[in-house]
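1. 3D model of this:
(one chain, ligands or ions: 1)
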Amino acid sequence: MNTPICDFVKKYARSSAIRLHMPGHKGVPVLGAEPLDITEIDGADVLYSSGGIIRESEENAAKLFGAARTVYSTEGSSLSIRAMLYLTALYAKENGKRPIIAAGRNAHKAFLSAAALIDFEVVWLYSKTRGNMISCDITAALLDEMLASMTELPCAVYITSPNYLGGTADISGLSLVCHKHGVLLLVDNAHGAYLNFLSESRHPMALGADMCADSAHKTLPVLTGGAYLHISKTAPHMFAEQCERAMALFASTSPSYLILQSLDSANRYLSSGYRQRLCKYERGIIGLKASMIRHGYNVYQDEALKLTILTKMVGYLGHEYAQKLLEYNVVCEFSDPDYCVLMFTPELGDDILTRLERVIAEIPIKDQITAGSPHAVVSEAVMTPREAMLSPSEVIPVSAALGRVLADVNVSCPPAIPIVMCGEQIGNDALRAFEYYGITSVRVVK
Ligand SMILES: Cc1ncc(COP(=O)(O)O)c(C=O)c1O
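-> As a prediction, this is how the structure comes out:
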C-alpha cells in the first residue's frame, strides 16, 4: 500500500524550502519532529476538503477496513463521534424523523457532549442486570424487545464496543435487529480498530454497523490523536457525501501532519503481515490469561488485546494492584477500585508476556475483597443535556447535591463514563457512586 502523505512530507523536508508559513518552528528541530510537521501548504491537500494525498490515503484506509468511506481525525475518536452523531441527526431530520438516539448507558463523555452540542434526544439503554458503570451488556434479543416496546423508534442505536474493560457486544446480532426495525447502528469502536486484523475480522464494518469511530491510536501503532470515522457500504449515501462537512464542524482548522503521516504509514504497516503478527500475539495473551487463572486470578476473556484483572478476587483494590505493578516498572492503562486493565499490541514483543507472567507470579495473593461496585445509575432527566450545559451553574460539595441537576458532562467514573448525565437529577444512588469513585464536588444548575 502506498503512503502519499509520508512521501510528500519527506520530500518537502528534504527540499530545503524556506518555510515562510506556519507552524512557527519553521521546520527547525527543537523537539526533533519539526521538519516533518507541516501545515496545509500547496500539494499537501486539505483535511475535510480533500482531493489529493489525504484523500488517496483515506481511500487506502477505507480499503483496509472494508468501508465505503473512511475519514481521518487528528483529534481522536471524540471528533469522529461528534461527526457521526451530527450526520445521524441530519439524516433523521431529512427523513422527517425526530433525532432520537438510543444509547448504551456506558457511553463515553464524547457522546454526551455531542448530545449537548447537537441537541439530539437520548434514550438510555441499560442491561438487564444494570451491570456496572463501565459495561452495559445489550444483547440482540434485549435490544429487539426494547425497540419493539418503544412508542417512537429512535433513528439510531449507539453501542460502545469494546468497552473499557474489554467486553464486546454482538455487533452482527445488534445490526440485524436494528435494520429489522429500520434503525441505524452506530458503534463507538474507539478501543477496537485492531479487531479488523484478527484472523476473522470482528470490526464493526465487517459485522453490519452503519458507522463507527475508531481510535487508531489506542490499539494500532499510530500517534496519539490518530482516529477514523468509517462509513459502511450499506449506510445511507449522504453520510459519505457529507462526512467531511460533519468533521469540519467540530474540528480544528490546523490538523497535525505528524498524526496524518502516522495514519498514512499505518496503512502500509497494517497491510504487510500485521494479521499474522496479531494472531500470533493473541495466542501469547491467551496463554498469559490461562496461566493467571491457574494462579487463582479472575480475568475477562472477551477481548484479544486487553487483560482486565478483577483485582478484588486476589485481595487488592484496582489501584493498589496497579501500584504493585509499578514497583516492577509495569505501567497499566487504567485502574479503579475494581479493575486493573493492561493493553497489549504485537509491537511489545513476545518476551514482555513472559516477563509479565513472572511479575504477576511474584505478587502475593491475599484474601478476596467482597465489597462490590455500584450499578449503573438510573436518574431522572429534568432538562436536556444542552439546556443543562448552557444553564448558569455552580460547584457544590457532593454532600449538598441531593436533588440538584447536574450541569457538567465531566462527572465520570475513571474511564470518562458519566455517572449521572448532565440534565439529570442527582439521587441517592448517584451520591453513593460519587463517593465510590472519589468525586467530592459537582457542577450543578443554579
Ligand atoms: C469508549 C471510548 N470512546 C471514546 C473515547 C474517546 O477517544 P479519543 O481519546 O480517541 O478521542 C474513549 C477514550 O478513552 C473511550 O474510552
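2. now do the buried residues in stretch 311-326.
-> Buried residues in stretch 311-326, counted by 16 or more other CB atoms under 10 Å: 311-322, 324-325. C-beta here means a position set from N, CA and C on the backbone, and glycine is covered the same way.
3. got a pLDDT number for residue 413?
-> At residue 413, the pLDDT value in this model is 67.
4. now, which of the buried residues of stretch 311-326 sits nearest residue 55?
-> Nearest to residue 55 among these, counting by CB to CB, is residue 322 at 42.6 Å.
5. any idea what residue 212 is bridged to?
-> Applying DSSP bridges to residue 212 yields these beta-bridge partners: residue 187, residue 230.
6. before we move on, what's the pLDDT of it?
-> If you check residue 212, the pLDDT there is 98.
7. okay, it and residue 126: tell me how far apart.
-> As for residue 212, its distance to residue 126 is 22 Å (criterion: CB to CB, to the nearest Å).
8. compare these two (neighbour count), which wins?
-> residue 212 (31 against 19; other CB atoms under 10 Å).
9. contact partners for residue 58?
-> By CB atoms under 8 Å, 6 or more residues apart in numbering, residue 58 lies in contact with 50, 69, 70, 71, 72.
10. now residue 190
-> Neighbour list for residue 190: 76, 77, 81, 108, 160, 213, 214, 215, 218, 227 [criterion: CB under 8 Å, 6+ apart].
11. tell me the phi and psi of the residue nearest to the first one when sequence neighbours are not counted?
-> Counting by CB to CB, 6 or more residues apart in numbering, residue 227 is the residue found nearest to residue 76 once chain neighbours are left out, at 5.0 Å. Its backbone dihedrals place residue 227 at phi -150, psi 170, with angles given as degrees, to the nearest 10.
12. related to what we said a few turns ago, please pick the buried ones from the contacts of residue 58.
-> 50, 69, 70, 71, 72.
13. and those residues, which of them are in strands?
-> Of the buried ones among the contacts of residue 58, the ones assigned to strands by DSSP state E are 69, 70, 71, 72.
14. which non-adjacent residue is nearest the first one?
-> Spatially, and ignoring its direct neighbours in sequence, residue 69 is nearest to residue 240 (4.0 Å; CB to CB, 6+ apart).
15. for the one you found, give its distance to the ligand.
-> 22 Å (CB to the nearest ligand atom, to the nearest Å).
16. and the pLDDT for that residue?
-> For residue 240, pLDDT reads 98.
17. where does it fall, secondary structure wise?
-> Using DSSP states H and E, residue 240 sits within helix 237-250.
18. now the angle from that helix to strand 69-73?
-> Angle, helix 237-250 to strand 69-73, by axes from the mean of the first three to the mean of the last three CA atoms, to 10 degrees: 10 degrees.
19. contact partners of the helix or strand just after helix 237-250?
-> Of the helices and strands lying after helix 237-250 in sequence (DSSP H and E), the nearest is helix 257-270. Residues outside helix 257-270 that contact it (CB under 8 Å, 6+ apart): 1-6, 9, 33, 36-39, 44, 47, 54, 57, 60-61, 64, 72, 74, 197, 216, 220-226, 228.
20. dump helix 257-270 to CSV, restricted to CA.
-> The C-alpha coordinates for helix 257-270 follow below in CSV (Å, rounded to 0.1, in the frame of the first residue of the first chain):
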residue,chain,number,x,y,z
TYR,A,257,0.5,16.4,9.8
LEU,A,258,2.6,14.2,12.1
ILE,A,259,-0.6,12.4,13.0
LEU,A,260,-1.7,12.3,9.4
GLN,A,261,1.6,10.7,8.4
SER,A,262,1.2,8.2,11.2
LEU,A,263,-2.2,7.2,9.9
ASP,A,264,-0.9,7.1,6.4
SER,A,265,2.1,4.9,7.3
ALA,A,266,-0.2,2.6,9.4
ASN,A,267,-1.9,1.7,6.1
ARG,A,268,1.3,0.1,4.8
TYR,A,269,2.3,-1.3,8.2
LEU,A,270,-1.1,-3.0,8.7
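21. what's the first helix or strand after that helix?
-> Heading C-terminal from helix 257-270 (DSSP H and E), you reach helix 274-294.
22. list the buried residues for that following helix?
-> Applying 16+ other CB under 10 Å to helix 274-294 flags 274, 275, 277, 278, 281, 282, 284, 285, 288, 289, 292 as buried.
23. residues from the stretch 301-446 of the chain in reach of the ligand?
-> Contact residues (CB under 6 Å from any ligand atom) of the stretch 301-446 of the chain with the ligand: 415, 416.
24. helices along the stretch 301-446 of the chain, start to end?
-> Assigned by DSSP state H, counting those that start in this stretch, the stretch 301-446 of the chain shows helices spanning 318-327, 350-362, 385-389, 428-436.
25. quick one: neighbours of residue 258, just the number.
-> For residue 258, the neighbour count with other CB under 10 Å is 17.
26. and the spatially most central residue of the chain, helix, strand or coil?
-> In the chain, the C-alpha nearest the mean C-alpha coordinate belongs to residue 190, at 2.6 Å (CA atoms, centre = their mean). Here residue 190 is recorded as coil under DSSP: H, G, I helix; E, B strand; the rest coil.
27. look up phi and psi at residue 299.
-> Per-residue torsions, residue 299: phi -130, psi 150 (degrees, to the nearest 10).
28. quick check, it in contact with residue 290.
-> No: applying CB atoms under 8 Å as the test, residue 299 and residue 290 come out as separate, 9.5 Å apart.
29. isn't the residue nearest to residue 69 up against residue 231?
-> Yes: using CB under 8 Å as the test, residue 240 is close enough to residue 231 to be in contact (5.1 Å).
30. and the residue of the protein nearest the ligand?
-> residue 76 (2.4 Å; CB to the nearest ligand atom).
31. and the pLDDT for that residue?
-> Looking at residue 76, its pLDDT reads 98.
32. same question, residue 129
-> On pLDDT, residue 129 comes in at 84.
33. pretty sure residue 137 sits against residue 125.
-> No: the pair residue 137 / residue 125 is not scored as a contact, 10.2 Å apart, by CB under 8 Å.
34. now the strands for this protein?
-> Under DSSP E, the chain gives strands at 69-73, 100-104, 121-125, 156-160, 184-188, 211-214, 227-231, 306-310, 334-335, 339-343, 393-397, 412-413, 417-418, 441-445.
35. need those strands in TSV (columns: distance to residue 149).
-> Supplementary listing: these in TSV, determined by distance: least, CB to CB, whole Å:
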stretch	distance to residue 149
strand 69-73	34
strand 100-104	12
strand 121-125	11
strand 156-160	14
strand 184-188	18
strand 211-214	25
strand 227-231	30
strand 306-310	32
strand 334-335	35
strand 339-343	33
strand 393-397	35
strand 412-413	29
strand 417-418	25
strand 441-445	31
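36. tell me which of the ones you listed sits most buried.
-> Sort the strands of the chain by mean neighbour count, taking mean count of other CB atoms under 10 Å, and strand 211-214 sits at the top with a mean of 31.
37. and that one, C-alpha only, in PDB?
-> Listed next in PDB are the C-alpha coordinates belonging to strand 211-214 (Å, rounded to 0.1, in the frame of the first residue of the first chain):
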ATOM      1  CA  MET A 211     -20.900   3.900  11.000                       C
ATOM      2  CA  CYS A 212     -18.200   3.600  13.600                       C
ATOM      3  CA  ALA A 213     -15.500   5.700  15.300                       C
ATOM      4  CA  ASP A 214     -12.100   4.000  15.900                       C
END
